[in-house]
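Enquirer: For reference, the sequence and a predicted model appear below.
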2 protein chains.
Amino acid sequence: MSPETDGIALWRRVADDIRSAIHDGSITQALPPETDLAARFSVNRHTVRRALAALAAEGLVRAERGRGTFVNAAKPRIVYPIGARTRFSESMVKQSLEPSGRLIRAERVAADATMAELLECRPGTALHRLESLAVVEGVPLSRSVSHFSAERFPGIIDAYAETGSITEALKREGLSDYRRRETRLTAERVSMKDADLLSCPSDAILLISRAVDEDLQGRPVQAIRTKFLADRMELVLQNTSPTMG
Amino acid sequence: MSPETDGIALWRRVADDIRSAIHDGSITQALPPETDLAARFSVNRHTVRRALAALAAEGLVRAERGRGTFVNAAKPRIVYPIGARTRFSESMVKQSLEPSGRLIRAERVAADATMAELLECRPGTALHRLESLAVVEGVPLSRSVSHFSAERFPGIIDAYAETGSITEALKREGLSDYRRRETRLTAERVSMKDADLLSCPSDAILLISRAVDEDLQGRPVQAIRTKFLADRMELVLQNTSPTMG
DNA sequence: GCCTATTTGTTCGTATGTATC
DNA sequence: AGATACATACGAACAAATAGG
């Protein structure tokens, strides 16, 4: 038999069959071993592996060496409200989740053109660059890189290292309140480095947020880029109703 | 030589080498043919293919049957502002882009529990389900499914089919203005069906928006789920500064 | 701890199909 | 039509992780 008969590749048909079996509930947890599937579909084990790779890329199954291939349980996503008053730690606590921020790396850098524009300062201005990992319920959820004016917030690094919360750290530095000015969202595949830091599969998807927070006078406070694990996260924007007349 | 010496698979080292070559600019457009790469790295062509598949999954390269494998050019993203006043067509026009909405499918359905809650109606209420494709500059950008009250907007389907814009269609149905109540954002891998509809690679990423629009009295107007091609899109949320005292 | 069977992961070989130039 | 290049498929072998006795 020639490959790609009917114009549809064999492995696609195998993948479709397995996908259906998962969706209609005939496979719930573990898939049969590759050799069994190969026998059942009368194809080579490679063909089964190609099909399983496609299903894994869809996020439907997950293979574990030496153990087997399993249906991925869809976990409920963590809700993160984004708005004028965006507070990560507070949001987690409200959902009865235990957040903790870990300082990965901190350094003093000079503002490049992008940072200068976002923070409304001159290029070359001294900034604190704070790289952190947000862990919720013991599992990494996101990785952030923040930039602050080094002059205005000289002790922000230590304050964050101790509290694990940006809001708390800013309070210690004398800023009692701040608000979100802008949030820009995209999505990308995880890079090798991020996969390592977030302890996630190398084919995971990231929801990427680039935001600027400002103080109540409208001066930029921090520029923050966060990479969230997309399969654990749902960003919610609520537009508060204006009072009607 | 045994495979997987050093604990790192051969195909990973090949992929790393090729990725570096792309990043440092030694490969700019077309990659050498698989057979050449196999010879250069002294590995089997399968090993090269495994490496290229990984790079393709990262979105770095794209293989075209019969032509070759090419470095993916990173295109600038289309900006889509999301807020109380979210208008897709208007946003595109403002960026000097030509949007067009194509009606893919329309049907009358009964509200399920989810729709009933979002649209604040009783389950079973008659709704118009409108499936559409947004095309910008001739290229598919997103796929949406909207639900409207069939009683309140009896002619919404025809109105959309003619205008290609939800805002215009609602105007024809007597609703002069509406606002965004809530937007929920996640990201996922594209499904086979969506890849087909959006004419995108089967490993593309979708930015998924589930939103509810309401009229100026606060009554829900439509529930809309949109799947954007993540690599073409950037969602922007701006929090308008409250006037300071 | 050790050995063995099971199961997924990697690699090479070979052949053929299909699209492009 | 022929050459080139990617896509699919089967076969064989071994590596590496896991589980069970």
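Expert: Great, that's in hand. Numbering: from 1, shown residues only, chains lettered A, B, ... in the order given.
Enquirer: only C-alpha atoms for contact and neighbour calcs from this point on.
Expert: Noted.
Enquirer: Can you tell me which helix or strand of chain A has the lowest average pLDDT?
Expert: helix A:192-197 (a mean of 84; mean pLDDT, DSSP states H and E).
Enquirer: Buried ones in that helix, by neighbour count?
Expert: Residues of helix A:192-197 classed as buried under the neighbour-count rule (16 or more other C-alpha atoms under 10 Å in any protein chain shown) are A:D194, A:A195.
Enquirer: any idea how far the residue in chain A that DNA strand D sits nearest to lies from A:S26?
Expert: Nearest residue of chain A to DNA strand D, counting by C-alpha to the nearest atom of the strand: A:L10, 2.8 Å away. From A:L10 across to A:S26, the span is 21 Å (C-alpha to C-alpha, to the nearest Å).
Enquirer: what about A:R40, neighbour count?
Expert: 10 (other C-alpha atoms under 10 Å in any protein chain shown).
Enquirer: which ones are touching A:A54?
Expert: By C-alpha atoms under 8 Å, 6 or more residues apart in numbering or on different chains, the residues touching A:A54 are A:A15.
Enquirer: Kindly list the main-chain dihedrals of it?
Expert: phi -70, psi -40 (degrees, to the nearest 10).
Enquirer: Next one, pLDDT for it please.
Expert: We have a pLDDT of 92 for A:A54.
Enquirer: What distance do you get for it to B:R180?
Expert: 37 Å.
Enquirer: How about A:T114?
Expert: 31 Å.
Enquirer: So between these two, which is more surrounded?
Expert: B:R180 (25 against 10).
Enquirer: Settle this for me: the more buried one is touching B:R85, isn't it.
Expert: Yes - using C-alpha atoms under 8 Å, B:R180 makes contact with B:R85 at a distance of 6.0 Å.
Enquirer: quick revisit: for the residue of chain A closest to DNA strand D, report the pLDDT, please.
Expert: For A:L10, pLDDT reads 93.
Enquirer: what do you get for A:E137?
Expert: Reported pLDDT for A:E137: 87.
Enquirer: I'd say it and A:G101 touch.
Expert: No - shown here, A:E137 and A:G101 do not form a contact pair, counting by C-alpha under 8 Å, at 11.4 Å.
Enquirer: What residue spans form the domains of chain A?
Expert: A:4-71, A:78-237 (automatic domain parsing).
Enquirer: distance between the ends of the longest one?
Expert: In terms of C-alpha to C-alpha, the two terminal residues of domain A:78-237 are separated by 14 Å.
Enquirer: Report whether that domain contacts DNA strand C.
Expert: No - on the criterion C-alpha under 7 Å from any atom of the strand, domain A:78-237 is out of touch with DNA strand C, staying 11.1 Å away.
Enquirer: Could you give the separation of that domain from the chain centroid?
Expert: 12 Å (C-alpha atoms, centre = their mean, to the nearest Å).
Enquirer: element containing A:R225, please.
Expert: Take DSSP states H and E as the rule and A:R225 turns out to sit in strand A:220-229.
Enquirer: what lines up beside the next helix or strand after that strand in the sheet?
Expert: Going down the chain from strand A:220-229, the next helix or strand is strand A:233-238, by DSSP H and E. Each strand paired with strand A:233-238, and its direction, by DSSP bridges: strand A:78-82 (parallel), strand B:179-189 (antiparallel).
Enquirer: Identify the residues contacting strand A:233-238?
Expert: With C-alpha under 8 Å, 6+ apart, strand A:233-238 has contacts from A:77-83, B:181-186.
Enquirer: before we move on, what about stretch A:28-35?
Expert: A:I22, A:R45, A:V48, A:R49, A:G68, A:T69, A:F70, A:V71.
Enquirer: Try it again at 7 Å.
Expert: A:I22, A:R45, A:V48, A:G68, A:T69, A:F70, A:V71 (C-alpha atoms under 7 Å, 6 or more residues apart in numbering or on different chains).
Enquirer: So which of these wins on neighbours?
Expert: A:V48 leads the contacts of stretch A:28-35 on contacts (other C-alpha under 10 Å) with 26 neighbours.
Enquirer: what mean pLDDT does stretch A:67-87 have?
Expert: What stretch A:67-87 shows for mean pLDDT is 91.
Enquirer: Please spell out which residues along that stretch are buried.
Expert: Going by 16+ other C-alpha under 10 Å, stretch A:67-87 has these buried residues: A:T69, A:F70, A:V71, A:I78, A:V79, A:Y80, A:P81, A:I82, A:G83, A:A84, A:T86, A:R87.
Enquirer: Of all pairs in these, which one is the farthest apart?
Expert: Pairwise distances among the buried residues of stretch A:67-87 were taken by C-alpha to C-alpha; the largest, 43.6 Å, belongs to A:T69 and A:A84.
Enquirer: next one: phi and psi at A:A53?
Expert: phi -60, psi -40.
Enquirer: distance of it from A:I18?
Expert: Distance of A:A53 to A:I18, computed by C-alpha to C-alpha: 12 Å.
Enquirer: and what of A:L118?
Expert: Applying C-alpha to C-alpha, the value for A:L118 to A:I18 is 49 Å.
Enquirer: cool, and A:D203?
Expert: Using C-alpha to C-alpha, A:D203 is found at 20 Å from A:I18.
Enquirer: same question, A:Q29
Expert: For A:Q29 relative to A:I18 (C-alpha to C-alpha), the value is 13 Å.
Enquirer: which one of those two has more residues nearby?
Expert: Neighbours were counted for A:Q29 and for A:I18 using other C-alpha under 10 Å; A:I18 has more, 19 against 14.
Enquirer: hmm, back to that, burial of the residue of chain A closest to DNA strand D, as a residue count?
Expert: 20.
Enquirer: cool, A:E151 as well?
Expert: A total of 11 residues lie near A:E151 under the criterion other C-alpha under 10 Å.
Enquirer: And for A:V93?
Expert: 12.
Enquirer: same deal with the one 3 residues further on?
Expert: A count of nearby residues for A:S96, using other C-alpha under 10 Å, gives 10.
Enquirer: now swap in A:S42 and tell me
Expert: The burial count assigned to A:S42 is 11, neighbours taken as other C-alpha under 10 Å.
Enquirer: near DNA strand D, which of the contacts of stretch A:28-35 show up?
Expert: By C-alpha under 7 Å from any atom of the strand, the members of those lying near DNA strand D are A:R45.
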